[in-house]
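> task: produce atomic coordinates for the following.
(chains A and B)
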Amino acid sequence: MKDANPEFEAECIRRILGGEKDLFHELIRPCERGIYFLLLSLLKNETEAEDAAQETVIKVYLNLKNFRGDSQFRTWVLSIARNEGLGRLRRQTNRREDSLEAETDDQNGDFTPAILTSWREIPTEALEKKELAAIVRAGIESLPEIYRNIIFLRDIEEMDIRETAVALGISEGAVKVRLHRARAMLQRRLAPQLKGFAPKRKGWFGGRA
Amino acid sequence: MRIDCKHVWQYISAYIDGDVDAALRADIDKHLETCEICSAVLDSTRNVVILVADDRVFELPAGFSERLHSRIDRELESAESP
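Numbering: from 1, shown residues only, chains lettered A, B, ... in the order given. Here you go, the predicted model:
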């Protein structure tokens, strides 16, 4: 997981509760991206996600004394963000939380990979090209919600399987199944488009066989 | 044990995460040595996972952090200690 540092967090929380309130800025900084993008994946609206992110952070501050340390701080923060997002969705649509979570792990959808006979590695430097980042983003955004959320937590925020399961309120087995399908769907959608970004001369990857 | 391509695809994600046991890993590795298609599927999936994790794919809106921390400042001034 990115930037997680339990000792720093525990020390920070102790001092904030002891009155050094300004330290809260440093405590929450590593979680900002995670909070925003989790909310964006739920709410699909930048303005709404930013507003919900601010509300989440204030709730984290006001509830800091309730953090028990039995999960990682970031997991706790993201579960508050998720509740904030789900609460807003319910108010927007009067949908019950059950129905938001009702997309099931059934076998609908094609999880077979895109077949490539060769593959050139896409260097991450290619992300300097806005176009490539936009293609990857669009691929993630086009996933059904349960798969988008899993990619977000596991592959973007780099939470481990257990923490992802806690944050989403599902079993570790379900995390693995959804992650597998989500990655397969992404590979299927993205690999054919990404081939065009491979370097022309070197970096053959598929030819190692 | 000889395994087929579909069997390998089923474990691609777990393989990337190092979440397959030694025997299965050995079977998959053996298959990959001779199967260009599965090698390309594995490499492209792994590459997609790496690209997705890059901070440049999802950038925060301009000014997000500044607005968030001003809001925190206002809250710290008005609220009691948590």
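> I figured A:Val57 hits A:His25, correct?
No - A:Val57 is not in contact with A:His25 according to Cβ atoms under 8 Å; the separation is 10.0 Å. For the C-beta atoms, the positions are set from N, CA and C on the backbone; glycine is no exception.
> need the overlap of contacts for the two.
Common neighbours of A:Val57 and A:His25, using Cβ atoms under 8 Å, 6 or more residues apart in numbering or on different chains, are B:Ile72.
> can you pull out the helices in chain B?
Taking DSSP state H as the test, the helices found in chain B are B:5-10, B:12-16, B:22-34, B:36-53, B:64-78.
> for chain A, same thing?
Under DSSP H, chain A gives helices at A:6-17, A:24-28, A:32-43, A:46-62, A:73-93, A:97-100, A:130-141, A:145-150, A:161-168, A:172-194.
> with distance to chain B, mean pLDDT and mean neighbour count as extra columns, can I get these in a markdown table?
Formatted as a markdown table, the helices of chain A follow (distance: least, Cβ to the nearest Cβ, whole Å; pLDDT from 0 to 100; neighbours: other Cβ atoms under 10 Å in any protein chain shown):
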| stretch | distance to chain B | mean pLDDT | mean neighbour count |
| --- | --- | --- | --- |
| helix A:6-17 | 6 | 90 | 15 |
| helix A:24-28 | 6 | 96 | 18 |
| helix A:32-43 | 5 | 87 | 23 |
| helix A:46-62 | 5 | 96 | 19 |
| helix A:73-93 | 13 | 88 | 19 |
| helix A:97-100 | 22 | 48 | 12 |
| helix A:130-141 | 5 | 88 | 16 |
| helix A:145-150 | 11 | 89 | 20 |
| helix A:161-168 | 8 | 83 | 21 |
| helix A:172-194 | 4 | 92 | 21 |
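> for A:Leu39, give me its contacts.
Applying Cβ under 8 Å, 6+ apart to A:Leu39 gives the contacts A:48-49, A:52-53, A:56, A:81, A:84-85.
> try 6 Å
Residues counted as contacts of A:Leu39 (Cβ atoms under 6 Å, 6 or more residues apart in numbering or on different chains) are A:49, A:52-53, A:81, A:85.
> which residue sits closest to it, ignoring its sequence neighbours?
Once flanking residues are discounted, A:Leu39 sits nearest to A:Ala49: 4.2 Å by Cβ to Cβ, 6 or more residues apart in numbering or on different chains.
> surely that neighbour touches A:Ser41?
No - in this structure, A:Ala49 is not within contact of A:Ser41 by Cβ atoms under 6 Å, at 8.5 Å.
> centroid-nearest residue for the chain?
You didn't say which chain, so I picked chain A. A:Phe152 (2.2 Å; Cα atoms, centre = their mean).
> actually, chain B is the one I wanted.
Central residue of chain B (Cα atoms, centre = their mean): B:Val49, at 4.2 Å.
> show me what contacts the closest residue to it other than its chain neighbours?
Using Cβ to Cβ, 6+ apart and skipping the chain neighbours, the partner closest in space to B:Val49 is A:Asp155 (5.6 Å). Applying Cβ under 6 Å, 6+ apart to A:Asp155 gives the contacts B:49, B:52-53.
> so what's residue 71 closest to, chain neighbours aside?
Since you didn't name a chain, this refers to chain A. Spatial nearest neighbour of A:Ser71, chain neighbours left out: A:Val166 (5.6 Å); criterion: Cβ to Cβ, 6+ apart.
> sorry, I should have been clearer: chain B.
A:Gln54 (4.9 Å).
> return the distance of A:Leu127 relative to A:Cys12.
Computed as Cβ to Cβ, to the nearest Å, the A:Leu127 to A:Cys12 distance reads 32 Å.
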